[in-house]
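Sequence below, structure please.
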Amino acid sequence: MKIRRSKADDLFSRYIRTRDNWTCRRCEKRFEKGAQGLHAAHLYSRRHWSTRHWTGSPDVPSNALALCFHCHQYTGENPVVFAKWLDDLFGEEAMDRLYHMSHTVQKKTEYEERLRVVALGEMLARLEAV
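Prediction:
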């Protein structure tokens, strides 16, 4: 079942790709800003509302990173390899915290969605201003 993309999803995707400097985190292929082919790849599915737009903290990594189409396909087809790479990249403890956070039940409300749109818009504007 396909999950609908919201305004918050679009802002989160732009935020992740901008944060990662329009570069694939796995193969380091660089993309021009706004170019097709660079994805904001979620570590835990977007169906987990508690981490769907999680931008990260010092002890819990973001729930997404920029991956080119090829690397996104590869990691999706090789989840054990992807999990090992993420543990190496962020640390097992940080990934465990993200896992537990993603499995915390959080009810989605329209109000929460609007708050996320505002917050992500502000974060993206600050990031693009640099």
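
quick one, helices of this structure?
Using DSSP state H, the helices of the chain run over residues 7-19, 69-77, 79-90, 92-102, 110-129.

and the second one, what does it pack onto?
The elements that helix 69-77 packs onto, with contact taken as 3 or more CB pairs under 8 Å, 6 or more residues apart in numbering; DSSP states H and E, are strand 38-42, helix 79-90. Where you see a C-beta, it was placed from the backbone N, CA and C, and this is true even at glycine.

Locate the residue of this protein with the greatest distance from its centre.
Most distant from the centre of the chain: Tyr111, at 21.4 Å, with distances by CA atoms, centre = their mean.

pLDDT score for that one?
With respect to pLDDT, Tyr111 scores 94.

what's the spacing between it and Val118?
Separation of Tyr111 from Val118 (CB to CB, to the nearest Å): 11 Å.

which residues do those two both contact?
Common contact partners of Tyr111 and Val118 (CB atoms under 8 Å, 6 or more residues apart in numbering): none.

How many residues are close by the residue nearest to Cys71 when sequence neighbours are not counted?
Distances taken as CB to CB, 6 or more residues apart in numbering place Arg26 nearest to Cys71, at 4.1 Å, with adjacent residues excluded. Around Arg26 there are 19 other residues, counting by other CB atoms under 10 Å.

what sits against Asp87?
Met95.

Check Ser102 too.
Counting by CB under 8 Å, 6+ apart, Ser102 has contacts Tyr44, His48, Ser50, Thr51, Asn63.
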